[in-house]
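Colleague: just coords:
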């Protein structure tokens, strides 16, 4: 089973893009990086983080890289600017010379890489001395409630879903463990911070429909289910999710952000 499928920029926007956009703004507010710098955005997906950098940080340039050809094509069509460019590239082996960038960031992607420590060492190579390296990931275990509610419902109906639960798969995505790959990559001045947003769904269909896109872990799992199991999970969620007087569903969501510096 391809449990982490990223094959469509448009479907990514429907599933995760709106929350990625909110998190990117909170992340950059916290990062407080000055203008006029050269940025690298790793695991850039549909280009949301790079676009937000251009809007908020007045960069000299932003280069976004991702292995997904479809995501890069979408980013080029919708997020390119004079100083924002997107390339197909592997975060584990970046096609850039040493000390090329002032800042390197990774939004909601570090935990999906096969070797986060190796990826951070590669980022350390391509940034300049004392440059900032930063990332953020969902708090799958406790903080990202729209995901937590889904996996809890899925496991109640289908015990085999436990093996796919992102909280179990991605053990670095907690406040205490996120700093560890940065330490092992020999980065300094490491700080971890919580990013808080609210994921607001206008109604239950607005929550459920993105789970049918096949993009990312939860939707890819849903795509494998027979109709009876899918319906059982859907109805369990419909019964459990909190709905306000307007029919909307507001769920708090937290991501953990970390920043560090290349030591020399």
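Modeller: That came through fine. As the structure is a computational prediction, the values presented were derived from the model and not from experiment. Numbers count the residues shown, from 1 in each chain.
Colleague: Which parts of the stretch 151-264 of the chain are strands?
Modeller: If DSSP state E, counting those that start in this stretch is used as the criterion, the strands of the stretch 151-264 of the chain fall at 187-201, 249-262.
Colleague: Which stretches in the stretch 51-200 of the chain count as helices?
Modeller: With DSSP state H, counting those that start in this stretch, the ranges of helices along the stretch 51-200 of the chain come out as 69-79, 116-126, 145-157, 166-169, 179-184.
Colleague: okay, the ones you listed in JSON lines with distance to residue 258 next?
Modeller: Where C-beta positions appear, they are placed from N, C-alpha and C, glycine not excepted. Below are the helices of the stretch 51-200 of the chain laid out as JSON lines (distance: least, C-beta to C-beta, whole Å):
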{"stretch": "helix 69-79", "distance to residue 258": "23"}
{"stretch": "helix 116-126", "distance to residue 258": "10"}
{"stretch": "helix 145-157", "distance to residue 258": "19"}
{"stretch": "helix 166-169", "distance to residue 258": "18"}
{"stretch": "helix 179-184", "distance to residue 258": "6"}
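Colleague: quick one: which of those helices is nearest residue 214?
Modeller: helix 69-79 (12.0 Å; C-beta to C-beta).
Colleague: Okay, buried residues for the closest one please.
Modeller: 70-72, 74-76, 79 (16 or more other C-beta atoms under 10 Å).
Colleague: any weak-confidence spans in the chain?
Modeller: 1-3 (pLDDT under 70).
Colleague: Find the residue at the geometric middle of it.
Modeller: residue 108 (1.7 Å; C-alpha atoms, centre = their mean).
Colleague: for the helices of the stretch 51-200 of the chain, which one sits closest to residue 246?
Modeller: For those, proximity to residue 246 was assessed by C-beta to C-beta; helix 145-157 is nearest, at 17.8 Å.
Colleague: can you count the residues close to residue 261?
Modeller: 19 (other C-beta atoms under 10 Å).
Colleague: Tell me how far it lies from residue 202.
Modeller: The gap separating residue 261 from residue 202 is 41 Å, by C-beta to C-beta, to the nearest Å.
Colleague: what do you get for residue 32?
Modeller: Taken as C-beta to C-beta, the span from residue 32 to residue 202 is 33 Å.
Colleague: hang on, the earlier thing: for residue 190, which of the helices of the stretch 51-200 of the chain is the nearest?
Modeller: Closest among those, using C-beta to C-beta: helix 179-184, at 5.0 Å.
Colleague: Can you tell me what sits against that closest one?
Modeller: 110, 116-117, 120, 133, 172, 190, 192, 258, 260 (C-beta atoms under 8 Å, 6 or more residues apart in numbering).
Colleague: how about those residues in TSV, adding neighbour count and distance to residue 235?
Modeller: Below are these laid out as TSV (neighbours: other C-beta atoms under 10 Å; distance: C-beta to C-beta, whole Å):
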residue	neighbour count	distance to residue 235
110	25	34
116	25	37
117	16	42
120	27	42
133	25	44
172	18	34
190	16	44
192	17	38
258	24	38
260	25	45
